[in-house]
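*Asks:* predicted model and sequence below, questions to follow.
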Amino acid sequence: MSRERAILHLNVTDFAVAVEQAAEAPRRGRPLIIAPPGTSRATVYDMSEEAYRAGVRKGMALSQAARVCRGAEVRPPRPELYRRAMDDFLRQVRSYSPRLEHGLEDGHVFVDLTGTHRLFGPAMDVGLRLRREVRRQLGFNPIWTLATSKLVAKVASRLVKPVGEYIVSAGDETDFLAPLPVSLLPGLAPGELRRLGEFRIFTVGQLAGLSRGQLLVPFGRRSDYLYDASRGIDTAPVQTGAEKEAVVFEHVFAGDTNDRQEVEAAVADLISRAGMELRQRRQEARRVGVRVGYADGLQVVRSASGRRRTANDFQLQQLADQALARAWLRRGRLRSCRLVCDDLCRQSPQLPLFAETHGRERRQAGLLAAMDTIRSRYGQALIATGRQRLSPLPAATGEAA
Amino acid sequence: MFPLRVRSSYSLLEGTAPPATLCRQARQHGYPGLALTDGDNLYGLWPFLAACRREGLRPVVGAEISEPGTMRRATCLVEDEAGYASLCRLLSRRHDPAGFDLAAALADGSEGLTILGDHLPLLDELWERGLAPVADLGPQPTEAGRRLRNWAGSRGVVAVATPASRLAGEEQRDLYRLLRAIAGTTTLSRLETLESPAGVHPLCGPEVYRRRFAVWPEVVEATLAVAERCAFTGPAFGIVMPPWRRGGEGEAVQVLRRRAYAGARRRYGDDLGETVVDRLEHELRIIATMGYSAYFLVVRDIVHRKGADGRRHKRRICGRGSGAASLVAYCLDITNVCPIRYNLYFERFLNPGRRDPPDIDIDFAWDERDEVLADILGDHAGQAAMVCNHIRFQPRMAIRETAKVFGLPEGEIARLTRRLPWLSRGDGDGLQERLQGLPSLADQDFSAPWPAILRLATRLIGLPRHLSVHSGGVIITPGPITDYVPIEYAVKKMPIRVPIIQWDKDGAEEAGLVKIDILGNRSLGVIRDCIAAVRQGGTPLAESGWNPEDDRPTREAVASGRTMGCFYIESPAMRLLERKAGSGDFEQLVIQSSIIRPAANEFVREYVRRLHGGSWQPLHPAVGDILDETYGLMVYQEDVSRVAVALAGFSHADADGLRKVMAKKDKVLQLQDYHRRFHDGCRRRGVAEADIDPVWRMMLSFDGYSFCKPHSASYARVSFQAAYLKRHHPAEFMAAVISNQGGYYSTFAYVSEAKRLGLTVLPPDVNAGDRRWQGRPGSLRVGLQSVAGLSAACLDRLLVARQQGKFVAAVDFWHRVRPADDEARALIHAGAMDSLDPGGNRTALLWQWAVFLRLRETAKAASLFPAVLPEPPPLPPPDRTTLLRREYAVLGFLCSDHPVTLIGRVPPGLVKVARLGECVNRRVRCAVWLLTGKLVATKSGEAMEFLTFEDETGIVEATFFPPVYRRCAHLLQSGRAYVLAGTVEQDYGAITLTVEQAEALGTGG
């Protein structure tokens, strides 16, 4: 007999703002906007609930945000601070279960509490306790919701946003979902929502009224997901970081830019981080993908694969250059640039057979190892390749995702 | 030193300086002359020759010819007239899509040309083919230059230093980089990886080249000898007219006389009165003396095209321009108003004193024009080509292109350029300051990188960007056209390749090439379609002897401004003027359509006052009665000339020159000269100082565009035909107006007008509807052309499928027409499938479409028979608001309701537009929909706007004076609802609203 799962979803809304507010409280009720300073073309990185209500949105031009939300306090983003806060947050949560699933520094975490009853008591007590602890020790106030699946827990979080708690008991999933708008279901593409609207299907309950066969007609392969989701069926496990593959880093430009050298410097910077991460994991990648985010919202992903796997910055850099050349064809300015190293394998402990052909690589490996040592001791920004230097203070965020 | 190789901005996107700048600089450097050698073209020939005359330089005509796909190129300089023709032929061959071999082409025909080359293999090849090219060492001694010099020395030919310049000075480098980035659709930082800046040089002074070439001083001296050889200083063709191919001018005179008399008898009956005969004789005599008989006959053959049956058929036309003043033209049926009845002077068109060639311009129905052009180009193959436009960077384009190079997102650029009112040519600096002062850009963010963009964009303004085809100018030459001017081919969809000459209309005129303007006119299509629909409906309507200007109901409609949709008299300003004038006379309409000019507002007011019996004095006793017909006001272009003759004693030719200058852009310099002469002339004839300036001011109101009386009369005739059809056959007329598109207003506005005319607007229908809109008495059926997103191919399939039988069910339709997903959904949303949906539930229909689409995709091969679809699940039909919102999204208007009535919460106490007439001089508020607007400048240069609004009951013109405009401009966007608060005003019976407050209402659509 399978046990009822207990999935806890903790969500700190507007994570960056929550961290900032915890670090240094702004004047009460004063809206807070997080955006890079010193450039007129900056966009909003995150904003507080007050600012959101005034009409500020993520990605909106800062100049426009400042107009619609006068009197807001603007602070620069501090990715290192958010990363540390996220680590602290996860540490708190991890003391209740090792099975966590979380994103980059976004304040989201799914916790699988199945079978922890004897250790920590009922799952809902864990939720309450976790929130109390987080509030006391870290100073922010997460939503917590409890359900039998990630899907239902997430819908519950979306329902109570920005603060609150919700428990959906086993067996209540369908009733809980039925009156809710379909837009609360995670994972629906805008086209699918539009199509549902055309069919006058607005609530999850209406959607659940359609049979698998009926759904198959307009939605094809997606029909199974819709069918299950509308009934609260989600068997996906909580995936921990170690089970995930790719090494991902992202650079967000302070303003936006179409300067070739600036973009190349940012990519070089991402490569140095990804390379170090791979070497620490003792992994090698065969494929490097670059995703460029244009100022008009378009994103393009292109990748390049090598013949051999590598964790060598110089070889990764060649792949990244190819991928960037394929991805960045338009003239438009870039807002962000994301680097993904995947198709991973464990580093081979075996030495190369013909040492002389790899002399150059060996020397490079030695250099990189030395740089890694310096970086892990004194910080990422202390030493860099010439190409990276043009980049202003590295504002990269990321981790193995 | 003589600069022998210099590029101007006419080397499109490969040069920064206009010829005028280069010439001024050449003079300042102390050069005796200048050779202009643009890349593969003579686009800048006429501005260059004019600038040389101004600066006192000796011009050398030339061009740099390249071989596509290779690095080979040669500079050709013209020695004599034969050389000029050689160059034109070479350039034409260069642009022939069939391909081009430089060495072979030069060997074939370079008579009269001096060839400069810097490519050794090419020079060798030319030498072997028996030519003696000059070695071009470029602007500084180099290793390659040494080899070239040795090559020249060993063969005994000349080697010269050339500037090989693309810039006027070092400060233009960043402008050059910008142009290159625009040309390569790349960014400044990426351009560095694509092009080396090493080969880009400015035009330096002679001492610079002398110093650089101090080691080989002879190559600098040799330039003078080469320039000496190139004695050609520009073409002088005289007037070049189209030939009549069935005989010489002598025979043409006879034929023209015969045809004119035959036409006169058709027009006026067999017994021609003395007036007609006298006038015909007078005109024929002048035409024969000036050698224009063949020209008239060529134009006649264009209008009366020989059909497949061997007989000539007259096309529907409207003569425009001064040609309509000719009785001969009227009798040949190439114009449409009787010049005797409407008192049009032939001399305005042709007189022995006129030195420039007059054009005959003819409008054809817009959708027949391409065929007419194809006929002309086919009939005169090798001797005919269209005139081109030199498209220059205007402020909007300059900003847009520069911003793209800087990588700004499309939306951000559009936010600025969309709200940019028309800006006149930049005067060198301050684009940013000017933009910041514009009220419509009040909320624009001008932070970095905008200042850099605007600074660079300012310098782009006025530089030529690319060529386009002139809207209708055709040149026909007696011999091969490539002897006169280089030809290239336009990228234009037509049955045949369209050759275009390398000069724009001003260049063509300076060269003496007579142009025939073949223009497209939407309203001729409207009248044609409307008459056809009326006849199809069983009402006879004969066009011969049709005099709509004598029809009383039509005149009443014109007098009350009910002319929306009517050619030339539908704009808000025109309708207001008609209402104020309240006459509806043909003669008054001719005046009205001429007097509405951008700069003539105060005269419009004065005209209305005088028309209603206000007293007036002639401009000056010396002017006499020449302006009596127009109440003492200068209305037509020719009034300027006539007053100048009468008051300042101008000769007819000078007066004509003044009139032409008025119509030109960029005329400041020339106008100053005329002003001085006009002033002097008046004073000499004893006109009081205080009287001169008002007259000159009235003349200045002809700034921009203005018309001559024959043109106005010719247009007014078409206006009256349209007004007649609208008055008597409103459904057919409105259907034709919307179907032909391109009117002053949006389809939305015409649909509202149709409803106000009492017509029922029926939704589009796949069974009952047609491609075009259909009018039947009392109703208007939306044409399927108006369903946004429906491709032309799908519409064709639909019409073909329907010919085989009506659609019996939705599935039948989808099976036979095979629409794409968005097309099928658009048809459902537009209501075009309702007649195939017995359940009356569009949601179910959408579901069924999804089922059909799935089956079609999975079945791979289309089945012979339509599938049988399962019953849809019980889905609710869309509510009314959703229904209408979708209909609006697809059609851009609503068939049944006016969107302004659908806005839920409106403030209380609003007045409907139809009742505004009862509220004169009172403050009111009304909820209205913005249709269109026109930005104008007040006398003090402040921006204000006239906007047209409507609700379901009527249409109203609203005035936004500068303070209100400044406050509201950024809110105003057509296709949205507003609550306006303001005062209702009345002027000679015309109602307007002077707005004090505007507030957006709901969301558009």
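*Replies:* Arrived safely, thanks for sending. Residues are numbered from 1 along each chain as shown, chains lettered A, B, ... in the order given.

*Asks:* when you work out contacts or count neighbours from here on, use the C-alpha atoms and nothing else.
*Replies:* Noted.

*Asks:* hey, C-alpha coordinates of stretch B:349-367 in PDB?
*Replies:* What follows is stretch B:349-367, C-alpha atoms only, in PDB (Å, rounded to 0.1, in the frame of the first residue of the first chain):
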ATOM      1  CA  PHE B 349      -0.400  74.800 -69.600                       C
ATOM      2  CA  LEU B 350       1.500  75.900 -72.700                       C
ATOM      3  CA  ASN B 351       2.700  79.200 -73.800                       C
ATOM      4  CA  PRO B 352       5.600  80.200 -76.100                       C
ATOM      5  CA  GLY B 353       7.400  81.900 -73.300                       C
ATOM      6  CA  ARG B 354       7.500  78.700 -71.100                       C
ATOM      7  CA  ARG B 355      11.000  77.300 -71.100                       C
ATOM      8  CA  ASP B 356      10.500  74.200 -69.000                       C
ATOM      9  CA  PRO B 357       8.600  71.200 -70.300                       C
ATOM     10  CA  PRO B 358       4.900  71.000 -69.200                       C
ATOM     11  CA  ASP B 359       3.700  67.600 -68.000                       C
ATOM     12  CA  ILE B 360       0.400  66.000 -68.800                       C
ATOM     13  CA  ASP B 361      -0.600  64.100 -65.700                       C
ATOM     14  CA  ILE B 362      -3.400  61.500 -65.700                       C
ATOM     15  CA  ASP B 363      -5.000  59.600 -62.900                       C
ATOM     16  CA  PHE B 364      -6.200  56.100 -63.600                       C
ATOM     17  CA  ALA B 365      -8.100  53.800 -61.200                       C
ATOM     18  CA  TRP B 366      -5.600  52.600 -58.700                       C
ATOM     19  CA  ASP B 367      -5.900  49.000 -59.600                       C
END
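
*Asks:* quick one: contacts of that stretch?
*Replies:* Identification of contacts with stretch B:349-367 by Cα atoms under 8 Å, 6 or more residues apart in numbering or on different chains yields B:239, B:286-287, B:290, B:299, B:315-323, B:325-326, B:334-335, B:509, B:512-525, B:652-653.

*Asks:* 6 Å - rerun?
*Replies:* Contact partners of stretch B:349-367, identified using Cα atoms under 6 Å, 6 or more residues apart in numbering or on different chains, comprise B:317-320, B:322-323, B:514-522, B:524-525.

*Asks:* again, but for stretch B:765-775
*Replies:* Counting by Cα under 6 Å, 6+ apart, B:731-732, B:735, B:739, B:780-785, B:832 sit against stretch B:765-775.

*Asks:* would you mind measuring from A:Glu262 to A:Gln388?
*Replies:* Distance, A:Glu262 to A:Gln388, using Cα to Cα, to the nearest Å: 9 Å.

*Asks:* what does the stretch 401-550 of chain B put close to chain A?
*Replies:* For the stretch 401-550 of chain B, the residues in contact with chain A (Cα under 6 Å from any Cα of the partner chain) are B:407-409.

*Asks:* lowest-confidence one in those residues?
*Replies:* Lowest model confidence among these falls on B:Pro409, which carries 85.

*Asks:* look up phi and psi at that residue.
*Replies:* With angles defined as degrees, to the nearest 10, B:Pro409 sits at phi -60, psi 150.

*Asks:* wait, it sits on A:Gly297?
*Replies:* No: with contact defined as Cα atoms under 6 Å, B:Pro409 does not count as touching A:Gly297 (8.9 Å).

*Asks:* and the residue in the stretch 251-400 of chain A positioned nearest to chain B, how many neighbours?
*Replies:* In the stretch 251-400 of chain A, the residue that lies nearest chain B is A:Gly332 (3.9 Å; Cα to the nearest Cα). A:Gly332 sits with 25 neighbouring residues when counted by other Cα atoms under 10 Å in any protein chain shown.

*Asks:* now it. Nearest residue, chain neighbours left out?
*Replies:* Leaving aside its chain neighbours, A:Gly332 sits nearest to B:Gly407 (3.9 Å; criterion: Cα to Cα, 6 or more residues apart in numbering or on different chains).

*Asks:* I'd like to know how far the one you found sits from B:Ile453.
*Replies:* Distance from B:Gly407 to B:Ile453, counting by Cα to Cα: 11 Å.

*Asks:* who's more crowded, those two?
*Replies:* Taking other Cα under 10 Å, B:Gly407 and B:Ile453 do not tie; B:Gly407 has more neighbours (25 against 20).

*Asks:* show me what from chain A comes close to chain B.
*Replies:* Residues of chain A lying close to chain B (Cα under 6 Å from any Cα) are A:199, A:217-218, A:259-260, A:296, A:331-333.

*Asks:* just those: which are in helices?
*Replies:* Counting by DSSP state H, the part of those found in helices is A:217-218, A:260.

*Asks:* re the thing from before, looking at the contacts of stretch B:765-775, which is nearest A:Ala268?
*Replies:* For the contacts of stretch B:765-775, the residue nearest A:Ala268 by Cα to Cα is B:Gln785; the value is 53.0 Å.

*Asks:* residues contacting the closest one?
*Replies:* For B:Gln785, the contact set (Cα under 6 Å, 6+ apart) comprises B:Arg771.

*Asks:* that one and chain A, how far apart?
*Replies:* Using Cα to the nearest Cα, to the nearest Å, we find B:Gln785 at a distance of 24 Å from chain A.

*Asks:* wait, a helix at that residue?
*Replies:* Yes: under DSSP: H, G, I helix; E, B strand; the rest coil, B:Gln785 sits within a helix.

*Asks:* neighbour count: B:Pro409 and A:Gly297, which is higher?
*Replies:* B:Pro409 (19 against 12).

*Asks:* how many neighbours does B:Thr932 have?
*Replies:* Per other Cα under 10 Å, the neighbour tally for B:Thr932 reads 20.

*Asks:* is it located within a strand, as I assumed?
*Replies:* Yes: assignment of B:Thr932 by three-state DSSP places it within a strand.

*Asks:* and the pLDDT at it?
*Replies:* 86.

*Asks:* show me the shaky parts of the stretch 901-1005 of chain B.
*Replies:* Scanning the stretch 901-1005 of chain B for pLDDT under 70 picks out the ranges B:939, B:1002-1005.

*Asks:* in it, which residue sits nearest chain A?
*Replies:* Counting by Cα to the nearest Cα, the stretch 901-1005 of chain B gets nearest to chain A through B:His970 (14.9 Å).

*Asks:* surely that residue meets B:Ser440?
*Replies:* Yes: under the criterion of Cα under 6 Å, B:His970 makes contact with B:Ser440 at 4.8 Å.

*Asks:* so what's A:Glu20 up against?
*Replies:* Per Cα under 6 Å, 6+ apart, neighbours of A:Glu20: none.

*Asks:* helix or strand: which one has it?
*Replies:* Secondary-structure assignment from DSSP states H and E places A:Glu20 in helix A:15-23.

*Asks:* likewise B:Arg555?
*Replies:* Going by DSSP H and E, B:Arg555 is part of helix B:552-559.

*Asks:* what's in contact with that helix?
*Replies:* Contacts to helix B:552-559, defined as Cα under 6 Å, 6+ apart, come from residues B:578-579, B:582-584, B:724.
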